[in-house]
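In: what follows is a predicted protein model with its sequence.
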2 protein chains.
Amino acid sequence: MNSSAIRSANYTPLTPLSFLRRSGSVFPDRAAIIYGERRWTYAEFLDDAERMARGIRLAIAPGDRVAFIAPNIPELLIAHFAVALAGGVLVAINSRLSTPELRQILNHSGASLVFVDAELVPRLGDLNAASAVKTVVEVADAEFGVAASGLALGQIPLAEFVSRADTPDQRAIALGWEIDDELAPYSINYTSGTTGAPKGVMYSHRGAYLNAMGEIFHNGFDGASVYLWTLPLFHCNGWCTPWAVTGAGATHVCLRAVRGDRIWGAIEEYGVTNLCGSPTVCSVIANAPEARVLESGLRITTAGAPPSPTMIAELESLGVDVVHVYGLTEVYGPFTINEHQDRWDELGPEERAQLKARQGVAMIQAEAPRVVDEQMVDVPADGETLGEVILRGNNVMLGYFDDEAATAEAFRGGWYHSGDLGVMHPDGYIELKDRAKDIIISGGENISTIEVENAMLSHPAVLDAAVVSYPSERWGERPKAYVVVREGHAVTEAALLEHARDHIARFKVPDYVVFREDLPRTATGKVTKAVLRALDDIPVQPQP
Amino acid sequence: MNSSAIRSANYTPLTPLSFLRRSGSVFPDRAAIIYGERRWTYAEFLDDAERMARGIRLAIAPGDRVAFIAPNIPELLIAHFAVALAGGVLVAINSRLSTPELRQILNHSGASLVFVDAELVPRLGDLNAASAVKTVVEVADAEFGVAASGLALGQIPLAEFVSRADTPDQRAIALGWEIDDELAPYSINYTSGTTGAPKGVMYSHRGAYLNAMGEIFHNGFDGASVYLWTLPLFHCNGWCTPWAVTGAGATHVCLRAVRGDRIWGAIEEYGVTNLCGSPTVCSVIANAPEARVLESGLRITTAGAPPSPTMIAELESLGVDVVHVYGLTEVYGPFTINEHQDRWDELGPEERAQLKARQGVAMIQAEAPRVVDEQMVDVPADGETLGEVILRGNNVMLGYFDDEAATAEAFRGGWYHSGDLGVMHPDGYIELKDRAKDIIISGGENISTIEVENAMLSHPAVLDAAVVSYPSERWGERPKAYVVVREGHAVTEAALLEHARDHIARFKVPDYVVFREDLPRTATGKVTKAVLRALDDIPVQPQP
């Protein structure tokens, strides 16, 4: 018996590429992407992905990393298929990062090809020497008044990049729709991590496919769904939603900036059925002057922090269904979901909101999360005993790119250690109580306090620094800094913040600085951040 | 780096068992199964599956086949999880088969354990000698007046079978929720095949999981869905729907017999949202005296034959959404779906019905089907050139159990050869035109004409026989027989049909027999069945 014939007939490696291949062929006329005045049918989406893939294939070797720095423009969405189709590995980078941060990621990933939104080209700075980058493709966005910038050395406009590969010879060579190994890396998503050094979280074809199937189920996507891109595509590849929406043959609505008027405009004009975002996005939507009660359903899936009872009530009064999910970059975005239970409907709004604020249970494609003590023994499911949340399954990352030590540490004992501290409730729902990692989540963005502290400490006048969160109505959390000045030195708050802005992204810069003689410490010398967090020293007008 | 720790953290073999494990834990209070007056919550469904699994585990060795012969009772649904959980391989057998047919499958599968509905125990006959069966578990169904029959040697009632494994010792041993190999067989589904010899189609954990995810998507299952079991669970494991409905945390409504009053009663009482069935089932529903216009949606997924324009119009006028799918036992049930296109809405009902009658395009979890000539070259997508439909992907069977030759034949060239002849339309939709295999589909059941011919030929008076289909409004197709009597012999139609009933299931017995002097043949000696099919010789009152 020819076993390879059998394998060929009954085994296909799972890949998100199959979603675009199918929808492009089955729904050629259907609206795939809407962006301002621009439109793509699914046939055009497929065609543009193939054209971009041919361009990429000419520029890279198989397995090369391909970076993309842009807001939620259609080209980044298309790259979520085109890069893998060309045999590359997509590295979608947070477009809000500073020049040194971008460079650090470009260097670590070793990307040889970078796509960059024209508006962000200056942010790249000089890529010589330290970087493996050979080609920079500039993506113009005339729709929103961002014309192509003047091209520097090695830069090429997207249209030209694509057209030079659009030859009969290139078209004759098959693209990588069919893959050999479903566990090969599909993309790398950088997280700032706890130490501040960027870590490249590798997603596989299989994990991305399965997570997308889970997203389809939990979002209820079908061919009539209209998905608005408020969630950055560079966050965990948009939680795998590019693949899910495409698989369902639904419509993507791209959005360059998260603004209340634009969001409500899209809801009005295109009948948006689904969007995702942090509580900050929820707040923008609920508080926009354009907010109105919706007749048809809109489902908002939110993560980053539990939605407050007030927020849930506000959105529900607008006819919005709020779903709370929890995850991390290391698990392809959402891993747990706060599944609604019928019995909650009988409870009062306060109690129900409290239940809905919990992080929940495993999504359909995920394994049940555990909450464990330091010996990896499950804590009692009493809703009180604190432990670390650990996760396992097909939607846990392959590992950190080029960082075996961090990978081994994260996967000790055969589970991914989230670093989040929480409790297990008797009904199997987990609830986060604190983070073991020093991470602040501000407007859905992770901020490593250690990274911010390092930025402060790099100022010659700073002897010691601690950065902690304080609650913000708009952003959920924001960083504040406590600084001890070196003897014989002097520095102003303004100068220190200016210094920080040169080193880290603006959203990571603390809102304010408190100068102290020393920092509170434990007997073993660790800064007691809980003490600092509890200090109510917020100035009347903190810088945003 | 400990690579096994990484594998443990980020790779879980896919299995439909995960669906029950999750829903049993996440939705313990939700209605899982409804059957007459009996009710199971998801916690009870999980618990009963574990209890049945412990009983099975005591009775078999890992990998053993476990047969189940029953209509759509809850115990068969539960066995769709319990058998695999116990390390066995489920063989759900068509409950309409005759004693020799059942015995043939029991022998071929080598099942050592058989569950049988009490009403069907007599059908088993004497299992001595020829069979590997060691234990027969009798499943009583008091709800519908089928009490346990008198027990014969080796028989044990289900309650006793389960309770003898319900010990602290047995409960302490972990069940097989976690599997090692996602490509291990999960179940075997027997098809009569073209030669009449039963072929055991093996499904894997992976294929069953992925097909179930596809069913969830295309049926739009969610936690509020109510699925009515009109489709036999023994047909391709109910098209993988036991796993899909359970994964969605939806409600199963079991049904012992497909009767219009029962179906409409369930729609009325439980708010059924989905069901599947052949056009015969559609006809039962549309023509029941209880039929009424539904306010809330009901989706009927139909296969086995294209729904006629009349049928589509009738059901749509009742508020029913009709979805046409196509598949075979070898591909886990449905493989293609007639995806509706918006542009069809502008067409007239005739033209639209014609488009909807086509078998369609690949489901989301499937690879695109091909239509090829004898050299496996794709025929032109012109809607006219006939070729064989070939299929490939994760939802193609592992192969035929214990039949390497048939497997190799089916998978020649690395594709599964369906034996169905069809065309490829310019829009990528396939349409079947004829069957290469000599199969009649009657009321959704496959009938091998060769098997029926063999039954006729086994009568001493019969020299030659040919069985072909003729159109039936109720059943889609029914078999009719052409017989040449041996010289010097005589036999009546009634005697011949009686003879057939002793050898094959009643639904396979031809409706009538036409005696001829000879059969029409081609130059090479093959019977020209098309000539026989075209004969309009139907008696005034054919036997049903």
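Out: Happy to help now that I have it.
In: how many residues are close by A:Leu318?
Out: A total of 14 residues lie near A:Leu318 under the criterion other Cβ atoms under 10 Å in any protein chain shown. Yep, even glycine has a C-beta here, placed from its N, CA and C like the rest.
In: same question, the one 10 residues further on
Out: Neighbours of A:Leu328 under the rule other Cβ under 10 Å: 24.
In: distance of it relative to B:Ala495?
Out: Noted for A:Leu328: a distance of 75 Å to B:Ala495, by Cβ to Cβ, to the nearest Å.
In: again, but for A:Val258
Out: 81 Å.
In: between these two, which one's more packed in?
Out: Neighbour count, other Cβ under 10 Å: between A:Val258 and B:Ala495, A:Val258 has more, with 23 against 13.
In: contact distance from chain B - what residues of the stretch 251-400 of chain A qualify?
Out: A:339, A:341-343, A:361-362, A:364, A:367-368, A:391-394, A:396-399 (Cβ under 8 Å from any Cβ of the partner chain).
In: what are the buried residues along stretch A:411-425?
Out: Of all the residues in stretch A:411-425, those buried under the rule 16 or more other Cβ atoms under 10 Å in any protein chain shown are A:411, A:414-425.
In: nearest to chain B among those?
Out: A:Gly414 (3.3 Å; Cβ to the nearest Cβ).
In: what sits against the closest one?
Out: A:Gly414 makes contact with A:Arg392, B:Ser4, B:Ala5, B:Ser8, B:Ala9 under the criterion Cβ atoms under 8 Å, 6 or more residues apart in numbering or on different chains.
In: got the contact list for A:Lys529?
Out: A:Lys529 neighbours (Cβ under 8 Å, 6+ apart): A:Asp438, A:Thr449, A:Ala466, A:Val468.
In: of those, which is the nearest to A:Phe515?
Out: A:Phe515 lies nearest to A:Ala466 out of those, by Cβ to Cβ, at 12.1 Å.
In: the helix or strand containing that closest one pairs with which strands, and in what direction?
Out: Using DSSP states H and E, A:Ala466 maps to strand A:462-472. Counting by DSSP bridges, the strands paired with strand A:462-472 are strand A:476-485 (antiparallel).
In: how about the strand it pairs with: buried residues?
Out: Under 16+ other Cβ under 10 Å, the buried positions of strand A:476-485 are A:Gly476, A:Glu477, A:Arg478, A:Pro479, A:Lys480, A:Ala481, A:Tyr482, A:Val483, A:Val485.
In: list the contacts of the spatially most central residue of chain A.
Out: When Cα atoms, centre = their mean is applied to chain A, the residue found nearest the centroid is A:His235 (1.3 Å). By Cβ under 8 Å, 6+ apart, the contact list for A:His235 reads A:Asn94, A:Asn189, A:Thr329, A:Gly333, A:Gly444.
In: who wins on neighbours among those?
Out: A:Gly333 leads the contacts of A:His235 on contacts (other Cβ under 10 Å) with 28 neighbours.
In: excluding its backbone neighbours, what's nearest that one?
Out: Nearest non-adjacent residue to A:Gly333, counting by Cβ to Cβ, 6 or more residues apart in numbering or on different chains: A:Trp239, 3.0 Å away.
In: neighbours of that neighbour, how many?
Out: 24.
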